[in-house]
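Q: pasted the sequence and its predicted model underneath.
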Amino acid sequence: MRMSLAQRVLLTWLFTLLFLIMLVLKLDEKAPWNWFLIFIPVWIFDTILLVMLVVKMAGRCKSGFDPRNGSQNIKKKAWYLIAMLLKLAFCLALCAKLQGFTTMKLAYVFIPLWALLLGGMIELGYNIFYVRRD
């Protein structure tokens, strides 16, 4: 399943717009919705991305695939999977904190986000300063 760049941009824009509209309604106290309901557009978008990522990673298991081709590619996809799971953990912890289901400190809620940002900075530094030596 391939999506064009325009379709991906439109899908991202649509889910972001829905999330922001629901967030503004909640913050203005116009809608007495649960915080987990507010984050549904984010989770739908993340689910779509996760399914696409898992399908691409599962494609490596088909017969006739040469594992020497694209060994860096699987590392990148594994990092994407870890990043998506960290984002999901942050969103779930944030919703639980905002809804009052947990009494953990806000600093603990942000640990998955900090790990995600640290991993992103490490990947950026690796991509900028890594010199391939063949």
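A: Here it is on my side, so go on.
Q: any chance of the backbone angles for the residue positioned nearest the centre of the chain?
A: Closest to where the C-alpha atoms of the chain average out (Cα atoms, centre = their mean) is Met84, at 3.3 Å. Taking degrees, to the nearest 10, you get phi -70, psi -40 for the backbone angles of Met84.
Q: give me the three-state assignment for Thr103.
A: Assigned with DSSP: H, G, I helix; E, B strand; the rest coil, Thr103 falls in the coil class.
Q: returning to what we had before: from Gly119, how far off is the residue lying closest to the residue nearest to the centre of the chain once chain neighbours are set aside?
A: Spatial nearest neighbour of Met84, excluding adjacent residues (Cβ to Cβ, 6 or more residues apart in numbering): Leu50 at 5.5 Å. In short, each C-beta sits where N, CA and C put it, glycine included. If you measure Leu50 against Gly119 using Cβ to Cβ, to the nearest Å, the figure is 17 Å.
Q: which stretches of the chain form helices?
A: 5-27, 35-38, 40-58, 71-99, 106-109, 111-129 (DSSP state H).
Q: among those helices, show me which one is buried the most.
A: Most buried of those by mean neighbour count (mean count of other Cβ atoms under 10 Å) is helix 35-38; its value is a mean of 16.
Q: what lies in contact with that helix?
A: 19, 22-23, 26, 94-95, 98-99 (Cβ atoms under 8 Å, 6 or more residues apart in numbering).
Q: would you mind giving these as a markdown table with distance to Ile44 and pLDDT added?
A: Formatted as a markdown table, the contacts of helix 35-38 follow (distance: Cβ to Cβ, whole Å; pLDDT from 0 to 100):
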| residue | distance to Ile44 | pLDDT |
| --- | --- | --- |
| Phe19 | 10 | 95 |
| Met22 | 12 | 95 |
| Leu23 | 15 | 95 |
| Lys26 | 17 | 95 |
| Leu94 | 17 | 95 |
| Cys95 | 15 | 95 |
| Leu98 | 19 | 93 |
| Gln99 | 19 | 92 |
